[in-house]
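A.B. asks: Got a sequence here, can you build the structure:
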Amino acid sequence: MASCCIVFTTDATYLFPTLVAAIGARKHCPAEKADVCIYCFDAHEAAKRAFAPVCERESIELTFLNSSIIEGANPMMARLFLTRFVPSRCTDVLYLDGDILVTGSLAPLIDAQVPPDHFLAANDPFTFLLDDDTRQSRDLQSYLQHAGFTLDQARSYFNSGVLRINKNGWEQIGSDAWNYFSRNPSKSRFPDQDAINFTGMDKRLPLSFCWNYPAFFRNVRVENKITPKIHHFMSMPKPWHGQFSPWNARFRSAYAFPLERYPQILPFAISMPHHQRWKYAFQQRAKQISETIAWGLSQRRDRILAYERACVPLSKLSALSPLSQPSIF
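C.D. replies: Down below sits the predicted model:
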C-alpha cells in the first residue's frame, strides 16, 4: 500500500463536488504512488448508500466519521486533525479542497521530498494586492493586522486549499492552529486558513500556482507560463453550477459525466436557480474584462510571475535546508 495519501474532507452537502475532485485525482495519480481517500463527517444513511458503491468502483477509499474526532468542528477544520484519522502507514499527505479539479499528473507533487515538520502551500491570490494603493489593499492590510500578521507576514500568507504535508510534525502544527482558532473564533474571515497561517507560516515552503491555480487567473494572462495541474474554484459560481466564464465545457463536463454514470448521486448535485445563472453569466463576462485589466495588465501579474520564479522546484526540495525559507518577494 502507498505511503502517501491524497485526502479530501467533507460533509454530505459537499460530497458530490468532492467526489468529482477525487475522481480527477485518482485519474492523474498511479495507485502505487498514493491512495485517494475521502473522509466524510456526520453523513446520513442516504449519502452512505449513494456514494459508497461509486467510490468503490472509482478506486477511492470513502470513510464515514463522526465529527467528535475533530472536536465537533466544521469539516473545513478537519485538515487540522489529519493525524487523527489518516492511516499511520501514510508518512506523507496531499490535502485537497473539494472545489478543485485535477487536470494534470500529480506524480511530481506526490514524489516531492518535503522536509520533516514542513509543508508546501501556494500564496493566497490576495497577497498580490497588498502593495497596491487601493481601498481593497488597505482593507486587507487592516484585517490581517487585526488577525496578528505583520505586513511582511501578510505577503507570505498562503492558501490552505492544497497542502503537501510531511506528516511528521503536522500534529503539532494542527494542534497549534486549532488552539489559535479556539481563542479567536470571531475575528477570522478565513477560519482554518488564518489559523494555519498564524501558527504554521514558518513551517511552510512556497508552492507553484500550477498546483493550486485560482480559477480567475485564467483572466490574468499567466496560464501559458504556469501550466496548471490543479484548478481551484475559490469563489462563486463553481463549474458544477453551469458553464460560466472563465472555464469552458471541459470543466463543466467533469461534473456532468459522473451524474450520468451514477444516477443515484443526482439528489446530491448542487444546483442553481435559472435566474441566478443568468445573473452570474453576465457578471462573469464583466469580471473577465475587469480582471484582465486590473490583474493581467498591471503589476499584479508581474508579482505573480516573480513569485513563480522564486518557488523552489519540487525536484530540488531535498537539497533545501529545513530551516531556510526562499525569498518570494
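A.B. asks: I'd like to check which residues are in contact with Ala12.
C.D. replies: 40, 42-44, 47, 268 (Cβ atoms under 8 Å, 6 or more residues apart in numbering). (Each C-beta comes from the backbone N, C-alpha and C, glycine too.)
A.B. asks: bridging residues for the residue lying closest to Thr63 once chain neighbours are set aside?
C.D. replies: Counting by Cβ to Cβ, 6 or more residues apart in numbering, Thr63 lies nearest to Tyr39, which is 5.2 Å off, once chain neighbours are set aside. With DSSP bridges as the criterion, Tyr39 is bridged to Thr9, Thr63.
A.B. asks: Surely Tyr39 is in contact with Leu65?
C.D. replies: Yes: contact status for Tyr39 versus Leu65: in contact at 5.7 Å, counting by Cβ atoms under 8 Å.
A.B. asks: list the residues that contact both of those two?
C.D. replies: Phe85.
A.B. asks: The two: which has the busier surroundings?
C.D. replies: Tyr39 (22 against 17; other Cβ atoms under 10 Å).
A.B. asks: on that earlier part again, top of the contacts of Ala12 by neighbour count?
C.D. replies: Top of the contacts of Ala12 by neighbour count (other Cβ under 10 Å): Cys40, with 25 neighbours.
A.B. asks: OK, contacts around that residue?
C.D. replies: 9-12, 15, 18, 47, 51, 62-65, 75.
A.B. asks: now swap in Arg301 and tell me
C.D. replies: Residues in contact with Arg301 (Cβ under 8 Å, 6+ apart) are 220-222, 295.
A.B. asks: quick one: buried residues of the helix or strand where Phe282 lies?
C.D. replies: Counting by DSSP states H and E, the element that carries Phe282 is helix 274-291. Buried residues in helix 274-291, counted by 16 or more other Cβ atoms under 10 Å: 277, 280, 284, 287-288, 291.
A.B. asks: And stretch 108-126, by the same measure?
C.D. replies: Buried, per 16+ other Cβ under 10 Å, within stretch 108-126: 109-110, 112, 114-115, 118-126.
A.B. asks: before we move on, what about stretch 158-178?
C.D. replies: 158-167, 169-170, 173-174, 176-178.
A.B. asks: again, but for stretch 178-190
C.D. replies: Taking 16+ other Cβ under 10 Å as the criterion, stretch 178-190 shows 178, 180-181, 184, 188, 190 as buried.
A.B. asks: so which one among those residues has the lowest pLDDT?
C.D. replies: Confidence by pLDDT is poorest for Ser188 among those, given 70.
A.B. asks: For this protein, just list every one of the strands.
C.D. replies: Under the criterion DSSP state E, the chain carries strands at the ranges 4-11, 35-41, 61-65, 92-96, 100-102, 119-121, 162-166, 204-206, 213-214, 230-232.
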